[in-house]
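1. Below: sequence and its predicted model.
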Amino acid sequence: MVRPLSVAFVHPDLGIGGAERLVVDAAVSLQKRGHRVVIYTMHHDLSHCFAETRDGTLDVRVGGNWLVPRSIGGRLHILCTTLRSLMLARQIVNDSEQYDALFVDQLSAPIPLLKYTHAHIFFYCHFPDYLLARRDTLGQKLYRAPFDLLEEFTTGEADEIVVNSRFTQETFRRAFPHLSKIPKVLTPALNFEAYDRPVDSDDPLLRALRTEKQIVLSINRFERKKDVGLALRAFALCLQENGPDRAATSNCCLVAAGGWDPRVVENTQYLKELDAQAKQLGLRTRTIAPQRASKEALALLPEEAASASAIVDDGATDQLASVDVLFLPSFTENQRAFLLSAARCVVYTPTNEHLGIVPLEAMYMRVPVVAANSGGPRETIQHGQTGYLCEPTEDNFAGAISRLLAMDDDKWRAMGDAGHDRVKLAFSLDTFGAKLEHLILGMLQRPTGASVVLGVLATLFIFFAVTTTLLLTWWR
């Protein structure tokens, strides 16, 4: 019999992305196993989060965001995020509650400070952050260098390090050559209950999505690294007069849905870029505004973006009859469930994605997946059985999409069933929760203590942060 543990999760921004889905599912899985769970975060928007974090299922506490902004003049994001994380860590250290373990997610900077809670630190690394940052100029390289060192040394302060795939494990070993610890692999899982819920067909937000066309679905944050443009180019190729399987692909629509936050400049810029790119490709587009979007947020959407209510009231039976590409930023969970139940295929375009929750979601919902033949999808998708792994070119993606659109229904259903069975067997939340509990219990058997490098790291970082801020402010 395992004694109940007290576990706190520390996550930067509790939105609706894959990393957030993992944190929520991990917290729910431990809670179901009888452990007490709290989530600390720097941002939690009740209109832009998973249901479990707003309906009382999980105890969510927000902190670290009252003094330092998200950025300074649209710049210095990593500096501000790191400082905010240290403020959140200070709040946790000063909290009167005691925890057996802290599940720290994505950002390692606060780990040395969090060790003063006397809790064991479990760090879940989705992907080394420094590999995701741009270094196109000497200034960017100099700016990032201290943060890269900070990331490596603070990651090494964790009592247990876990990654989400074998691909990330190998990348971690190359990225952090000075760390002797080899991270364990704990692949994310799905909370099947969340996907087994029936779609609320009376939801008025669904009427804007109803169509007699075959739906090609892309689900990704509106970030350039997700390469949603590849889906646009491949889809346009499918629709060309001389494209493959013209008869099957002529009556279809691409729905590009994903996380979109008006506070994130890249989100707003990239959505507009995609809309312009689609029109240049000769595709007819429509953008549906997020539910309850503010006037300021609406102004950041592509021109002629429509609210759901405006679409609902136009009286058309097929709302997408004159649309080739529908952009759906910040979709609801019910919209996601509807789209996954209606899609003919899901297109997953990132290259070298560390894992990718979307392919798992699609396969569980019996939808074949077309994904780049790299990174985590190679560990989840079985080529030719649950979908197709392709080189990231529009020709290869268009060919795979066309095959699925033209595929015999019996063969298509068999591919969908194979994906469902694979996810149910290998990626269940119960299995994930048991492995996570086992790893935490094993970690608790080992000693932990306050970091001996905290003072040096904190002093160097604060000096660098203040100096950089002053220099860049002066330079501007």
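-> Structure's in. What do you need?

2. thought I39 was touching D13?
-> No. Counting by CB atoms under 8 Å, I39 stays clear of D13, with 11.7 Å between them. Every residue, glycine included, has its C-beta placed from N, CA and C.

3. pretty sure G419 is touching T380, no?
-> No. Using CB under 8 Å, G419 is not in contact with T380, being 9.4 Å away.

4. Need the residues touching each of these two.
-> Residues within reach of G419 and of T380 at once, by CB atoms under 8 Å, 6 or more residues apart in numbering, are M363.

5. And stretch 282-290, how far out from the chain middle?
-> 22 Å (CA atoms, centre = their mean, to the nearest Å).

6. That should have said stretch 209-223, apologies.
-> The chain centroid and the centroid of stretch 209-223 are separated by 17 Å under CA atoms, centre = their mean.

7. CA atoms only for that stretch - export them in PDB, please.
-> Presented in PDB, the C-alpha positions along stretch 209-223 are these (Å, rounded to 0.1, in the frame of the first residue of the first chain):
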ATOM      1  CA  LEU A 209     -18.000  23.800 -38.800                       C
ATOM      2  CA  ARG A 210     -20.700  21.600 -40.300                       C
ATOM      3  CA  THR A 211     -20.000  20.600 -43.900                       C
ATOM      4  CA  GLU A 212     -20.600  17.900 -46.400                       C
ATOM      5  CA  LYS A 213     -16.900  18.100 -47.400                       C
ATOM      6  CA  GLN A 214     -14.200  15.700 -46.300                       C
ATOM      7  CA  ILE A 215     -12.200  17.400 -43.600                       C
ATOM      8  CA  VAL A 216      -8.400  17.400 -43.500                       C
ATOM      9  CA  LEU A 217      -7.500  18.600 -40.000                       C
ATOM     10  CA  SER A 218      -4.300  20.300 -38.800                       C
ATOM     11  CA  ILE A 219      -4.000  20.900 -35.000                       C
ATOM     12  CA  ASN A 220      -1.000  22.900 -33.900                       C
ATOM     13  CA  ARG A 221      -0.200  26.100 -32.100                       C
ATOM     14  CA  PHE A 222       0.200  29.000 -34.500                       C
ATOM     15  CA  GLU A 223       4.000  29.000 -34.300                       C
END
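
8. average pLDDT for it?
-> Average pLDDT, stretch 209-223: 94.

9. And stretch 115-124, by the same measure?
-> pLDDT averaged over stretch 115-124 gives 92.

10. now it: how far from the chain's centre is it?
-> 24 Å.

11. Buried residues of that stretch, list them for me.
-> Neighbour counts over stretch 115-124 (16 or more other CB atoms under 10 Å) mark K115, Y116, T117, A119, H120, I121, F122, F123, Y124 as buried.

12. cool, and stretch 7-14?
-> The neighbour-count criterion (16+ other CB under 10 Å) identifies V7, A8, F9, V10, H11, P12, D13, L14 as the buried residues of stretch 7-14.

13. how about those in a markdown table, adding distance to F167 and secondary structure?
-> Converted to a markdown table, the buried residues of stretch 7-14 look like this (distance: CB to CB, whole Å; DSSP: H, G, I helix; E, B strand; the rest coil):
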| residue | distance to F167 | secondary structure |
| --- | --- | --- |
| V7 | 27 | strand |
| A8 | 29 | strand |
| F9 | 24 | strand |
| V10 | 25 | strand |
| H11 | 22 | strand |
| P12 | 23 | coil |
| D13 | 24 | coil |
| L14 | 26 | coil |
